[in-house]
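Participant: I would like to see how this sequence folds:
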Amino acid sequence: MTDSKYFTTTKKGEIFELKAELNSDKKEKKKEAVKKVIASMTVGKDVSALFPDVVNCMQTDNLELKKLVYLYLMNYAKSQPDMAIMAVNTFVKDCEDPNPLIRALAVRTMGCIRVDKITEYLCEPLRKCLKDEDPYVRKTAAVCVAKLHDINAQLVEDQGFLDTLKDLISDSNPMVVANAVAALSEIAESHPSSNLLDLNPQSINKLLTALNECTEWGQIFILDCLASYTPKDDREAQSICERVTPRLSHANSAVVLSAVKVLMKFMEMLSKDLDYYGTLLKKLAPPLVTLLSAEPELQYVALRNINLIVQKRPEILKHEMKVFFVKYNDPIYVKLEKLDIMIRLASQANIAQVLAELKEYATEVDVDFVRKAVRAIGRCAIKVEQSAERCVSTLLDLIQTKVNYVVQEAIVVIKDIFRKYPNKYESVIATLCENLDSLDEPEARAAMIWIVGEYAERIDNADELLESFLEGFHDESTQVQLQLLTAIVKLFLKKPTETQELVQQVLSLATQDSDNPDLRDRGYIYWRLLSTDPVAAKEVVLAEKPLISEETDLIEPTLLDELICYIGTLASVYHKPPSAFVEGGRGVVHKSLPPRTASSESTESPETAPAGAPPGEQLDVVPTQGDLLGDLLNLDLGPPVSGPPLATSAVQIGAVDLLGGGLDSLMGDEPEGIGAPNFVAPPAAAVPASLGAPMGSGLSDLFDLTSGVGTLSGSYVAPKAVWLPAMKAKGLEISGTFTRQAGSISMDLQLTNKALQVMTDFAIQFNRNSFGLAPAAPLQVHAPLSPTQTVEISLPLSTAGSVMKTEPLNNLQVAVKNNIDVFYFSTLYPLHILFVEDGKMDRQMFLATWKDIPNENEAQFQIRDCPLNAEAVSSRLQGSSIFTVARRNVEGQDMLYQSLRLTNGIWVLAELRIQPGNPSFTLSLKCRAPEVSQHVYQAYETILKN
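Facilitator: From the prediction side, this is the model:
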């Protein structure tokens, strides 16, 4: 009879009976009783009252009974810590048992009893087991150290168990090596700063030797450990790759992915000119293809990993397009992922094949899949220019099917094709207009309206088409309303005589009848532009649009590099770094690929942009459709100007929330940063007194005084300057400066009331700017500002705001509102307020990065009339977070090698030459975003001369 009988009894008074049976002299009866106890425990009954009786049964030679008692002990030791101490003697005894299975069982159970009181008693038995002659006991003891470390880390370190674990990496048994590596990796994860896995070529060699002989899980532990090692040169990287490559043919997909991870990481260090590099690329393709013949769930995990690999190295799978063709019985999640990879692999060589396949998919029955297939055809057109014509004709064929959702998706992607190839395929507009009536989805309606507005001069009845949309204006979604408003304004600017009524109607609907602040703001801006300066309106609204990029959904390069280091883990399935979804006290270490060797092509150094975006790209962003709603200040006001006060318009407007609402940069499809030469300020608006800038996501970091160097660094603070004279702001004078103290940036303001009335209800907002500066808290003026009164305010700033490249780079456009009006001014902030306190590079990294940055990115400047010596220069610059990495004396000249990092992750490397007795210094700057160099030089000048 099976053990299921133990789970069927529900007698009352059972505990008493079990107690008697547990104390029986007969071994069989005892065993039966323990089985009943375990069964009760399994189904959730509380049998902790039997603890002493069960522990008494430990003294037995029967392995089965011992296992059952140990199981009970693990479960109840935490709730009965005092009783658990009774078991210590038995553990000690069992750890010296002649049977290795019993020794291992004892040490395994010891690790699972998470009771502080008894851990110290278990150190001695554990020490013996770590040096046991039997490898089975040693490998179990290795894992026990990791468990014990989790309970009491200090004890493990004091007892020297970590050193013993490190010694086990040199063990003769591969399974012991694998478990030692697993235990050390686990401990290292919870203590990122400790260098436990101190890997060197000798220990790597031992791991590679053990790799061939241990179990599949052991191999995964060792491969993951290898992935965290950085070889000293490309030869060592190649040697490791050669020894890891055989793992690619393993039957277990986890081993294959771990091997792929190691190879992808070390390939960074190999030159593309090497024959071995080409061989390795060829060897990587078959195992990845094989993973796709597994069951759907495994296929999905493999496809998510392949998606990352293809973005990093498309050449690996460029000849394997057919494997990603969708099968009729694939689940939808596999189909969509395959489709995504097909687009990434699409090239001129295989585009005909891909398009034929996509056209077939567009006639499937699964709506989601069909939509994605139609979008994919559009993405192919944008990615492979030679295929654009064929893609457009394919899309037109699909429109002729008159299937509603196919037509709508096709119109959305054709709009993108127009953006990519202007004046090329506009002949299809007539066909699109025939399908106007069938459009019911906001995105498709918005795309069609954009096309009509953009090409209004080619469409005879453009005004009728747009008027038909206008009839149900208030029932449309915000996206369609915004697009319709802009399209009609474009139409008016192209055909002013015929469409005056139409533009009046839409402006009235958008401003007077709408509750949506974004729509109102955009309507008011257009109204002001059209009424004050139609020429400027034309320049703004009909400005040339930037071409859209090929791949809009590529993962950002530094994140991609980090995810490559997590292949085969959850991070590679979510396409997010572990820090985004792992909670808890454990510090998540940010991994990155090793720097390329000099022979390889230039790439981002792992230290270059830890903040996320690649430096060159972070500053120049073409907005996506989703980034539609900015705010009123998105209009680029140009650099600081002095001139007459901003005029107000005669158009009367109700209480509009000018600072808190949102006006995008005229249109999602228009370029940002358009100059508005004669920008007219909106009239006074009632803004709630509580209005303030949104709290940036980096606010917690902003006030974290313990971050960075941990000392209060006092960087240079410029004296306050008048930013907004009273004559331009109806009596409000604003002076200010910027400061950085202990990692916090502030705008120190001085507000003076030179008017004859009291000022209240202050609020402040910044336009988007190059480094995302934004108020981290509302502008707090605690009491009304009386005439002639002056108040000093320190406004904390964060760098978590929206980013848009400005000209000049450090230009900040500010709007300040009070009960009288809204006032605008521009100021230039000194770049050194953005120098972070942990901007010191180590020497090796400095050298590698300096070589890695192209020579054309180097800029030279002269700093004149500076009588300081090298010591004083180094000390003064360090106060403003410019750190001296190394100092040399070459032919009587002092050479200072310095590094600094900006808040957005851009590193700047400097070489400062100082000739003793000569007040002129030569400054050479190297940076991946060269446009920053001029401003860094100005920061050097400012700091050294003040």
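
Participant: low-scoring stretches of the chain, by residue?
Facilitator: Confidence mapping of the chain against pLDDT under 70 gives the ranges 1-13, 192-195, 550-553, 584-590, 595-714.

Participant: domains of it?
Facilitator: 346-437, 441-543, 721-829, 834-945 (the TED database).

Participant: distance to I332 and mean neighbour count added to those domains, as a markdown table?
Facilitator: C-beta here means a position set from N, CA and C on the backbone, and glycine is covered the same way. Output for the domains of the chain, formatted as a markdown table (distance: least, C-beta to C-beta, whole Å; neighbours: other C-beta atoms under 10 Å):
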| stretch | distance to I332 | mean neighbour count |
| --- | --- | --- |
| domain 346-437 | 6 | 18 |
| domain 441-543 | 20 | 19 |
| domain 721-829 | 35 | 19 |
| domain 834-945 | 38 | 18 |
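
Participant: adding distance to L207, write those out as a markdown table.
Facilitator: Output for the domains of the chain, formatted as a markdown table (distance: least, C-beta to C-beta, whole Å):
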| stretch | distance to L207 |
| --- | --- |
| domain 346-437 | 39 |
| domain 441-543 | 53 |
| domain 721-829 | 40 |
| domain 834-945 | 24 |
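
Participant: who wins for proximity to P557 among those?
Facilitator: domain 834-945 (11.5 Å; C-beta to C-beta).

Participant: for the closest residue to L270 other than its chain neighbours, list the residues it contacts.
Facilitator: Using C-beta to C-beta, 6 or more residues apart in numbering and skipping the chain neighbours, the partner closest in space to L270 is Y277 (4.9 Å). Shown in contact with Y277 (C-beta atoms under 8 Å, 6 or more residues apart in numbering): 267, 270-271.

Participant: out of these, who's the most crowded?
Facilitator: M267 (24 neighbours; other C-beta atoms under 10 Å).

Participant: secondary structure element holding T849?
Facilitator: Using DSSP states H and E, the element containing T849 is helix 843-852.

Participant: which other helices and strands does that helix contact?
Facilitator: strand 883-890, strand 907-914 (3 or more C-beta pairs under 8 Å, 6 or more residues apart in numbering; DSSP states H and E).

Participant: out of those, flag the one nearest Q765.
Facilitator: Checking the helices and strands packed on helix 843-852 against Q765 by C-beta to C-beta gives strand 907-914 as the closest, at 29.4 Å.

Participant: just tell me which of the helices and strands packed on helix 843-852 ends up closest to V289.
Facilitator: The nearest among those, by C-beta to C-beta, is strand 907-914 at 39.4 Å.

Participant: contacts only, for the closest residue to T511 other than its chain neighbours.
Facilitator: The shortest distance from T511 to any non-neighbouring residue, by C-beta to C-beta, 6+ apart, is to G523 (4.1 Å). With contact taken as C-beta under 8 Å, 6+ apart, G523 is in contact with 485, 506-507, 510-511, 514.

Participant: got a markdown table for the helices and strands packed on helix 843-852, with distance to K576 too?
Facilitator: Output for these, formatted as a markdown table (distance: least, C-beta to C-beta, whole Å):
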| stretch | distance to K576 |
| --- | --- |
| strand 883-890 | 32 |
| strand 907-914 | 25 |
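
Participant: ok, L395 to I377 distance?
Facilitator: 6 Å (C-beta to C-beta, to the nearest Å).

Participant: who touches both of these two?
Facilitator: Shared contacts of L395 and I377, defined by C-beta under 8 Å, 6+ apart, comprise V413.

Participant: returning to that earlier point: for the domains of the chain, which one sits closest to A188?
Facilitator: The nearest among the domains of the chain, by C-beta to C-beta, is domain 834-945 at 20.2 Å.
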